[in-house]
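Student: with the sequence up front, the predicted model follows.
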Amino acid sequence: MTLERIEEIEAEATAAIEAASGTAELEQMRVRYLGRKAELTTILRGIADLPESERGRIGAGANRTRKALEELLERRAAELDEAELEQRLASDRVDVTLPGAPPRPAGHLHLITRTTRRIEDVMAGLGYRVMEGPEIEHDYYNFTALNHPPGHPARMLQDTFYVQSHPDLLLRTHTSPVQVRAMEAQPPPIFIVVPGKVYRRDSDATHSPMFHQVEGLAIGEGITLADLKGTLEELLRALFGERREIRMRPHFFPFTEPSVEVDVSCFQCEGSGELAGGERCNLCKGQGWIEILGAGMMDPNVLGFVAANGYDPERVQGFAFGVGIERIAMLRHGVPDLRRFFDNDVRMLEQFA
Amino acid sequence: MRVPYSWLREHCDPGIGAAELGERLAMTGTEVERVGAVGPPAAEGFVVGRVVSCEKHPDADRLSVCAVDVGEPESRTIVCGAPNVAAGQAVPVALPGATLPGGAKLGEAKLRGVKSEGMILSAAELEIAEDATGIMVLDDGAAPGTALTELLPLAEPVLELEVTPNRVDCFGVYGVAREVHAVTAAPLGPEPWAEDAPAEGEGEASDYASVTVEVPDLCPRFTARVFTDVKIGPSPPWLQARLSAAGQRPINNVVDITNYAMLLTAQPLHAFDLDKVPDGALTVRTAAEGEKMTTLDGVERALDAETVLVCDRDGPSGIAGIMGGQVSEVSEDTTRLLLEVANWNGTNILRTSRLLGLRSEASSRFEKQLHPALCLRAQRVASRLLVELCGARLAPGTIDVSAGEPEASRVRLRAGRVGALLGMTVERGDQVAYLERLGFGVESDGEDVIAVVPPDRHYDVTREADLIEEVARIHGLDGRLPSTLPAVRQAGGLSRAQRLRRRAEDAMRDLGFDEVVGWSFTDPGEAARLRLAADDARAAGVEISNPLSEDQSVMRTTLLGSLLDAAQRNLARGAERIALFESGRAYLSAPGGGGQPVEGPTGAGADRAIDPLAGRFAGERPPPFAEPHRLGCLAAGPLAPESWRGEGSVADFFALKGALEGVAARLGVELGFDPATEPFLHPGRAARVSAGGVEAGWIGEIHPLVCREWDLPDAAGFEVDLAPLVAAATAGAEVFEDLTTFPAVRQDLAVVVPVEVSAARVRAAVLAGGGELLRSAEVFDLYEGEQLGGGRKSLALRLEFGAADRTLTDEEVAGLRRAIAAKLEQIGGALRE
């Protein structure tokens, strides 16, 4: 009788469990058929009270049924879980067209910094070290020791800012005073580049009272004008492309002799002066060449100022060059007006990654 | 310097076009700004015409209707407004289609109802002379229809040269001609001063005039000649044309001749009306301090004791070498001239010209130091023209007060030196040829060359290097100089400090800040707007004596001002957030010294480690002022933009502190933050920043009153010296620590302390209690609420315990917690739970 009942329970429970449509209903089935008050549980609990002859048979049957139901419950729970997850995920939809969470905006280095670093890195690759010097400078370093004696008209080439009540102090008009400082500190050979701010009393679209230069200096035995040309070719090709040529035009600077102005072949028209359509190249104004920097062989008079530190003009010689960083940046990036660099308009700053 | 090409070709004709010559000169060291033209840009449409008839215009009093033969079968009708037009004249005519100077194209026009088929021109309209009062009447002889260029210089090319200060010779047309000769090897004409004027006047120059030079060092030479029977009038057209083309306004024949002689020889001249110089007596002396005189431009000028004057018996008549005075100016009534050609001390002229703010054609030449030998060249050129063109008679003799000419210098050029300096070979024969064409005398001394320097180059070529430059530039560098690289036997690159500065800049960029480059100078009012007290050293920046404007007259002592300026401008342009940084210098005067230079050790023995970030630079003389390199930052508004997911973080004290700590982390520095006040910061949200125990700068929220001055919303910023950060940086010097395999024990700890106890003190107490086994302790939560009772706050810290050689036991950790609790008790703290 009881054994039959157990089979009935199993059949009923199996049907009910199979029919359960959700995990909550399944839990109700578990309580109903395997819970503390369930008929099967009561049977199992009462096994000890059964006559000995029935105990083994009933006990084994009830336990088998319980195990089967437990396994069934477990399988159904897994099935229903998965189904419910699928259902939940199906209803959990986002609008994928909404904008992504903004990352913290990217910052930008100033174009002057980037250009300076580029020049420093090219020169570093050629073996040059980076030196710096004061921007408020002694007249001695800015002029006198660079072969601009007091009262010399060459001083008037650069309109100079002076320090109030200190007529011998000024804002350096070029990075060249660091040449003399460096040679005072280090005997030859010396190979340095000097980036930094310089100041001239002038302001329009192509002149700013504050701007930036990089100076190059190479002094040692047997360093020639041809070495200057080769060095500048490396620098200018790194900046403007491998196909660039340079040319040197003799010029005058007080602290170099001979002095040259250096042109680089135009990178927009490849030096032809003409654009593809036949019209005149606007970058080089049809010249095919762009004036880019001033340079020359270090004047013996300048070496004379540091002769005590081993710079005997009879023994060592070398070159110096100075290049405007804004000019390079304007050419490389098409910036039309020098003053833009000091506007610090973020709309411009953010154009240069 | 404007050099009309026709004038130049008279002395040296290279046989090539002006543009090509310009190119050749530019490649050999004479800067050619441009090759321009005077007069009509092209000669087409300009012809000789003959006025056949000339009648009054029926409807206009001032106009004439002319029939003009221009060599065509029919004569043309041309309406002319000039008062001097008359039948029979040969005149310059522009036909319709011709382009006038300035670029306008001539068309046919109706003037008061009469059609005009061309234009009769004045000299001014052709830009060949000043005369605009009437049409230009040509010499008879040219057939109507002859191209006007056969008679007049039209479309005259002009070389505009930028003369470098060393090349005084190129301030004269003949000097430029010599340069053209050197560059092109075209023959050079004879020196225009080779022949003097006949001296056919009465008596001797010294009968009319006398010269006393009191300051021979400032006036090495003073020459004077006397001319009588001078007839003042306009210069002939050829002379006017030349001067106009060279950029000089024709005035009268005497003045024009002095200008012409200057343009040819580079030596300025000055003509006096001898009858306005009492007794013809001139004295060269320095001015008395404060002495006044009125110059030719009608301005009364106060002079100083170094100004050199040319004076007559009654007082100054001119500022030497710069500008004449009105008293003895040449006028229409002048009949007797005293022609001064003097040599002045260039340094003195330059000084005086700058002091007075007065520059002239003369001073721009004298200031570069002319050679005394040039005086007589100019005297001769001018004398011949005065005799020829003004009917003047030259009194025999030249008054010549001279301190003596410097001896011609002889410079040795050693064999092999050209090649050794240039890195290319120039044959000795070529070297000699170049120098000779440039006017040097050349002698041989064995293999060496001795160059005798001509007067024009006396102050420019003094050394062997100068000769090498001459050889190099005439030889030409383009296409001839090889490209080589010097043997650089060192590793190049940045110093550690320079590398770490880049790293700090990169860190700021990566944290989302845009770099600005601010002006080094600022306005003197900025200090007050930053609420700096007058006695704050930062309110006393280094002052510029000659600023371009008041708002750029003081060197900045902080980067904050330029950051605020940049923020203000960007907000005004519509920016919604500000996140800026700058890596640059401040300029500090000595502490309390108010713009005074910093005293420092001098001489080679000065022991100063070079540190560009700290403003310690190479060189025997220390920099005049301290120039620390700083990192400054300013932010306003959300650091990240708002989105549909919520607001971005606000740029407040902690946002900026996080950024600064981020920079420090990339350098391997731990920064210290101590409460502090700055006049420009929120008093409760400001800190002093230190690195390695050294004060480095400030951080904080900008004071609302400062924000208001710059029209900013709430903002925060920092400014730190990079030198102490780099000094304390471990980046690049890190040492490997063995990776322990024993797990760390992580625990949280909450402590209640009085509100005035800083997080830093709590953390320090925890670290002290935890000892070596406490690897880290970081504050991660702050709670201030009612249930803690008044005046108290709760901080939560995340602790990590660990040992390198074992797993810590629960008992060990419990013991450490007890030790931590004891330390916290000492600062009034208690553990929660």
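Tutor: That came through, no problem. Residues are numbered from 1 along each chain as shown, chains lettered A, B, ... in the order given.

Student: strands along the stretch 601-750 of chain B, start to end?
Tutor: B:629-636, B:671-675, B:681-691, B:694-702, B:715-721, B:745-754 (DSSP state E, counting those that start in this stretch).

Student: what does the stretch 1-150 of chain A give?
Tutor: Going by DSSP E, counting those that start in this stretch, the stretch 1-150 of chain A shows strands at A:129-130, A:136-138.

Student: please identify the deepest-packed of those strands.
Tutor: With neighbours taken as mean count of other Cβ atoms under 10 Å in any protein chain shown, the strands of the stretch 1-150 of chain A reach their highest mean count in strand A:136-138, at a mean of 26. For every residue, glycine as well, the C-beta is placed using N, CA and C.

Student: beta-bridge partners for the residue lying closest to B:L148 once chain neighbours are set aside, please?
Tutor: Of all residues not flanking B:L148 in the chain, B:F46 sits nearest, at 3.9 Å (Cβ to Cβ, 6 or more residues apart in numbering or on different chains). Legend: beta-bridge partners of B:F46 under DSSP bridges are B:A94.

Student: would you turn the strands of the stretch 1-150 of chain A into JSON lines with mean pLDDT and distance to A:G22?
Tutor: Formatted as JSON lines, the strands of the stretch 1-150 of chain A follow (pLDDT from 0 to 100; distance: least, Cβ to Cβ, whole Å):
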{"stretch": "strand A:129-130", "mean pLDDT": "96", "distance to A:G22": "73"}
{"stretch": "strand A:136-138", "mean pLDDT": "96", "distance to A:G22": "83"}
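
Student: in a markdown table: these, plus distance to A:T113.
Tutor: Shown next, in a markdown table, are the strands of the stretch 1-150 of chain A (distance: least, Cβ to Cβ, whole Å):
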| stretch | distance to A:T113 |
| --- | --- |
| strand A:129-130 | 14 |
| strand A:136-138 | 22 |
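
Student: OK, contacts around residue 186?
Tutor: Defaulting to chain A. Contacts here follow Cβ atoms under 8 Å, 6 or more residues apart in numbering or on different chains; on that basis A:Q186 touches A:N309, B:A618.

Student: wait, I meant chain B there
Tutor: For B:A186, the contact set (Cβ under 8 Å, 6+ apart) comprises B:C12, B:D13, B:P14, B:G15, B:V180.

Student: now do the contacts for the third one.
Tutor: Same thing as B:P14. Going by Cβ under 8 Å, 6+ apart, the list of residues near B:P14 reads B:L21, B:R24, B:V180, B:V183, B:T184, B:A186.

Student: quick check: closest non-adjacent residue to the residue of the stretch 151-300 of chain B found nearest chain A.
Tutor: Closest approach between the stretch 151-300 of chain B and chain A, counting by Cβ to the nearest Cβ: B:T164, at 3.5 Å. The shortest distance from B:T164 to any non-neighbouring residue, by Cβ to Cβ, 6+ apart, is to A:F252 (3.5 Å).

Student: and that neighbour, what element?
Tutor: strand A:246-253 (DSSP states H and E).

Student: what's the following helix or strand after that strand?
Tutor: Sequence-wise, the next helix or strand downstream of strand A:246-253 (DSSP H and E) is strand A:256-265.

Student: within the sheet, what are the partner strands of that next one, with directions?
Tutor: Sheet pairing for strand A:256-265, assigned by DSSP bridges, gives strand A:246-253 (antiparallel), strand A:289-298 (antiparallel).

Student: the last one: what's the following helix or strand?
Tutor: I take that to be strand A:289-298. helix A:300-305.

Student: ok, residues contacting that following helix?
Tutor: A:145-147, A:179-180, A:183, A:219, A:255, A:257, A:311-313, A:316-317, B:463, B:465.

Student: what are the ranges of the helices in the stretch 451-600 of chain B?
Tutor: B:464-475, B:496-510, B:526-529, B:560-572 (DSSP state H, counting those that start in this stretch).

Student: from B:S583, how far off is B:E505?
Tutor: 5 Å (Cβ to Cβ, to the nearest Å).

Student: just B:T741 next, same as before
Tutor: The value you get for B:T741 to B:S583, if Cβ to Cβ is used, is 43 Å.

Student: and those two? Which one has more around it.
Tutor: B:S583 (21 against 7; other Cβ atoms under 10 Å in any protein chain shown).

Student: okay, the strands paired with strand A:256-265 in TSV with mean neighbour count and mean pLDDT next?
Tutor: As requested, the strands paired with strand A:256-265 are exported to TSV (neighbours: other Cβ atoms under 10 Å in any protein chain shown; pLDDT from 0 to 100):
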stretch	mean neighbour count	mean pLDDT
strand A:246-253	23	92
strand A:289-298	22	95
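
Student: between B:E505 and B:S583, which contacts overlap?
Tutor: Listed as contacting both B:E505 and B:S583 by Cβ under 8 Å, 6+ apart are A:T113, B:E515, B:L631.

Student: ranking the residues you listed by neighbours, who comes first?
Tutor: Neighbour max across the shared contacts of B:E505 and B:S583 (other Cβ under 10 Å) = B:L631, 25 neighbours.

Student: circling back: which pair in the contacts of B:P14 spans the largest distance?
Tutor: B:R24 and B:A186 (10.6 Å; Cβ to Cβ).

Student: strands along the stretch 401-550 of chain B, start to end?
Tutor: Secondary structure of the stretch 401-550 of chain B (DSSP E, counting those that start in this stretch): strands at B:410-413, B:441-445, B:448-452, B:514-515, B:521-522.

Student: could those strands be laid out in JSON lines, adding distance to B:C219 and mean pLDDT?
Tutor: Formatted as JSON lines, the strands of the stretch 401-550 of chain B follow (distance: least, Cβ to Cβ, whole Å; pLDDT from 0 to 100):
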{"stretch": "strand B:410-413", "distance to B:C219": "27", "mean pLDDT": "96"}
{"stretch": "strand B:441-445", "distance to B:C219": "28", "mean pLDDT": "94"}
{"stretch": "strand B:448-452", "distance to B:C219": "27", "mean pLDDT": "94"}
{"stretch": "strand B:514-515", "distance to B:C219": "57", "mean pLDDT": "96"}
{"stretch": "strand B:521-522", "distance to B:C219": "41", "mean pLDDT": "96"}
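
Student: so which of those strands is nearest B:R384?
Tutor: Judging these by Cβ to Cβ, what sits closest to B:R384 is strand B:441-445, at 26.9 Å.

Student: leaving out the residues flanking it, which one is nearest to B:I135?
Tutor: In space, B:I135 is closest to B:A82, 4.2 Å off (Cβ to Cβ, 6+ apart).

Student: err, A:A353, not the other one
Tutor: A:H108 is the one closest to A:A353 (Cβ to Cβ, 6+ apart), at 6.6 Å.
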